[in-house]
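In: pasting the sequence and the predicted coordinates here, then a few questions.
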Amino acid sequence: MSTTAEPAAIEARVPRQIPYIIGNEACERFGFYGMRNILTPFLIGTLLLYAPEAERAGIAKDVFHTFVIGVYFFPLLGGWLSDRFFGKYRTTLWLSLVYCLGFVCLSLSTDSRTGFYTGLFLIALGSGGIKPLVSAFVGDQFDQTNKHLAKVVYDAFYWTINFGSFFASLLMPILLRKYGPAIAFGVPGALMFIATLIFWLGRRRYVMVPPSPPNPHSFLRVVRTALLAHEPGQARPGLAIAGIGGLFALASLTWLLAHSDFVIAVLVALGLLIAFGGVGTSLQLERARGAHPDEAIDGVRAVLRILIVFAIITPFWSLFDQKASTWVIQGNAMHMPLEQWWWPSGLVASPAQMQALNPIFVMLMIPFNNLVLYPLLRRRGIEVTALRRMGVGLAFAGIAWIVAGLLQLGLDGGDAVSIAWQILPYALLTFAEVLVSATGLEFAYSQAPPSMKGTIMSFWLLSVSYGNLWVLVTNAAVRNDAVTARIAQTGLGENAFLMFFFAGFAFLAALAFALYARRYPMQDHYRAA
């Protein structure tokens, strides 16, 4: 064991600028989750009154998950602007102002679908654009001398996110009920303004890694060289596969634009390009050696491996984000035990407020895992690696949805099911979230080559968009008469069937993740001191 590393580890301190980023994140997350957690009830109870009552829940789910897709799609734009032009600080500050403008639109347009959806778009653009930058900006504040503290700070970062989310989940439904949507959406907007101010106040303390200059050995340039490289008598199977992916993407985009909505069409086409292009590049990547340095080739290979991890994680987000749509709708059909002495009726009086369980469980589980569970497992010889945590988290998400499906069976059978039973699936899903999402922030930063930090974090967040895409696709499928007839043949109600379907989706992903994780070579891309 090295004797010189120990004093450095002991003397290392958390950077003084971290509190500004943590404070910014707490206020921003309060604003975001405060708005998000009342979105479904507001849509069903106010904005969608023009639609038949039986269709409002379905439309609200589509609007909600389309919004979430946008939130996690725009990180690609934010990461690109940051990495190539403006850097993380300036890009975050400017997009935060767009974010604030979106809240202004929501608050002033609660009776206008056009104005309200414009506000949702601006919030998706602002919130999504800064998502990969803030978490990567945290990583930039560390170097090799104190990188061992990064995990602690990332956990604190995630704990703070949920601290803001907890109070937002409790308070915003009350504001919506007592004071109306203008106030309920205005308060989160005020918090977002405060978040922007806090971030600006720390500007003289931050470590600001400059944007990458035009790089002749960038990811896309290496990919292009690998695919186009050709020698006489040498086939180019990778180029053929990438070309087929391009044709499939164009065909799917054309067909889906005619038969589905724009969001589904774009995401499916993009997914085909990434998947086929990635496979094609991996087959011919070695052909780029000589034209590009070895570290550039190895960096592209690392990115392709990371993208596979992200792809397998997408089913988790299908399950997780439905707690704010499907589970709220399920809660509307459950009994709220306000008359019971043990129920906190002064705090939780509507199904949307049950979402406060998620952040409070996160705040309890993160210290429990770090101080009790992980040390106990290590003493038993079980190394708690990032990949193991993420794989187990996928499985726990599936278990949570099995429990939710069982509750739905009781409702479908005519039982008066207490909403208190939702505490169990919320606890299981939150445990899964801590294992997958909090770990994913650390994993994405540590595995990304230096010039790709913002972009890789963007792809991590893009996996959330694809998780919500599966929800939209599933919702569209169950509107098909043939599909609903098949579901009826199972003897299950539509809601219960979908819950068990998503549970199976998570279990299948957990199996695939475990198989891939055994072969994944971990990297260490923290910057030098």
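Out: Right, received. Where do you want to start? Residues are numbered from 1 along each chain as shown.

In: pLDDT of stretch 246-262, averaged?
Out: Averaging pLDDT along stretch 246-262 gives 92.

In: in terms of secondary structure, what does the one helix or strand residue 94 maps to contact?
Out: Assessed by DSSP states H and E, residue 94 sits inside helix 87-108. Secondary-structure packing of helix 87-108 (3 or more CB pairs under 8 Å, 6 or more residues apart in numbering; DSSP states H and E): helix 18-42, helix 75-81, helix 113-140, helix 181-201. In this view, the C-beta of every residue, glycine as well, is placed from N, C-alpha and C.

In: next, the angle from the first one to helix 87-108.
Out: Okay, so that is helix 18-42. Angle of helix 18-42 versus helix 87-108, following axes from the mean of the first three to the mean of the last three CA atoms, to 10 degrees, is 30 degrees.

In: again, but for the third one
Out: With the same axes, to 10 degrees defining the directions, helix 113-140 sits at 150 degrees from helix 87-108.

In: buried residues, helix 113-140. List them.
Out: For helix 113-140, burial by neighbour count (16 or more other CB atoms under 10 Å) applies to 116-120, 122-140.

In: now do the helices in the stretch 201-350 of the chain.
Out: Per DSSP state H, counting those that start in this stretch, the stretch 201-350 of the chain carries helices over the ranges 219-228, 237-259, 262-284, 294-320, 326-332.

In: closest to residue 188 out of those?
Out: Ranking the helices of the stretch 201-350 of the chain by proximity to residue 188 (CB to CB) places helix 326-332 first, at 17.7 Å.

In: what does that closest one contact?
Out: Contact with helix 326-332 is made by 40-41, 57, 60-61, 351-352, 354-355, 404, 407-408, 411, 419, 422, 425-426, 495, 498-499, as judged by CB atoms under 8 Å, 6 or more residues apart in numbering.

In: quick one: residues contacting the nearest residue to residue 109 once chain neighbours are set aside.
Out: Computed as CB to CB, 6 or more residues apart in numbering, the closest residue to residue 109 that is not its neighbour in sequence is residue 115, at 2.7 Å. The contact partners of residue 115, by CB under 8 Å, 6+ apart, come to 105, 108-109.

In: just residue 469 next, same as before
Out: Shown in contact with residue 469 (CB under 8 Å, 6+ apart): 69, 263-264, 267-268.

In: now swap in residue 265 and tell me
Out: Counting by CB under 8 Å, 6+ apart, residue 265 touches 252-253, 256-257.

In: how near is the residue nearest in space to the middle of the chain to residue 73?
Out: Among the residues of the chain, the one closest to the centroid is residue 464, at 4.1 Å (CA atoms, centre = their mean). Residue 464 sits 9 Å away from residue 73, taking CB to CB, to the nearest Å as the criterion.

In: ditto for residue 357
Out: 28 Å.

In: do residue 497 as well
Out: Using CB to CB, one gets 29 Å for the distance from residue 497 to residue 73.

In: over to residue 312?
Out: Distance from residue 312 to residue 73, by CB to CB: 19 Å.

In: just the buried residues from the contacts of residue 115, in ChimeraX please.
Out: Here is the ChimeraX command that selects only those of those that count as buried (16+ other CB under 10 Å):
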select :105,109
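
In: sec struct for residue 399, please.
Out: At residue 399 the chain is in helix, as set by DSSP: H, G, I helix; E, B strand; the rest coil.

In: burial count for it?
Out: 18 (other CB atoms under 10 Å).

In: and the helices of the stretch 201-350 of the chain: which comes nearest residue 189?
Out: helix 326-332 (22.2 Å).

In: average pLDDT for that closest one?
Out: 95.

In: buried set for that helix?
Out: Buried residues in helix 326-332 (16+ other CB under 10 Å): 326-331.

In: from residue 488, how far off is residue 482?
Out: The spacing between residue 482 and residue 488, counted by CB to CB, is 11 Å.

In: farthest pair in the contacts of residue 265?
Out: 252 and 257 (9.3 Å).

In: ok, now which ones touch residue 411?
Out: 330, 333-334, 417.

In: could I get those as a markdown table with distance to residue 278?
Out: Output for the contacts of residue 411, formatted as a markdown table (distance: CB to CB, whole Å):
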| residue | distance to residue 278 |
| --- | --- |
| 330 | 37 |
| 333 | 43 |
| 334 | 44 |
| 417 | 45 |
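
In: for those, which one is nearest residue 165?
Out: Distances from residue 165 to the contacts of residue 411, taken by CB to CB, are shortest for residue 330, at 20.2 Å.

In: give me the mean pLDDT for the longest helix belonging to the chain.
Out: Scanning the chain for the helix with the most residues, using DSSP state H, yields helix 150-179. Averaging pLDDT along helix 150-179 gives 83.
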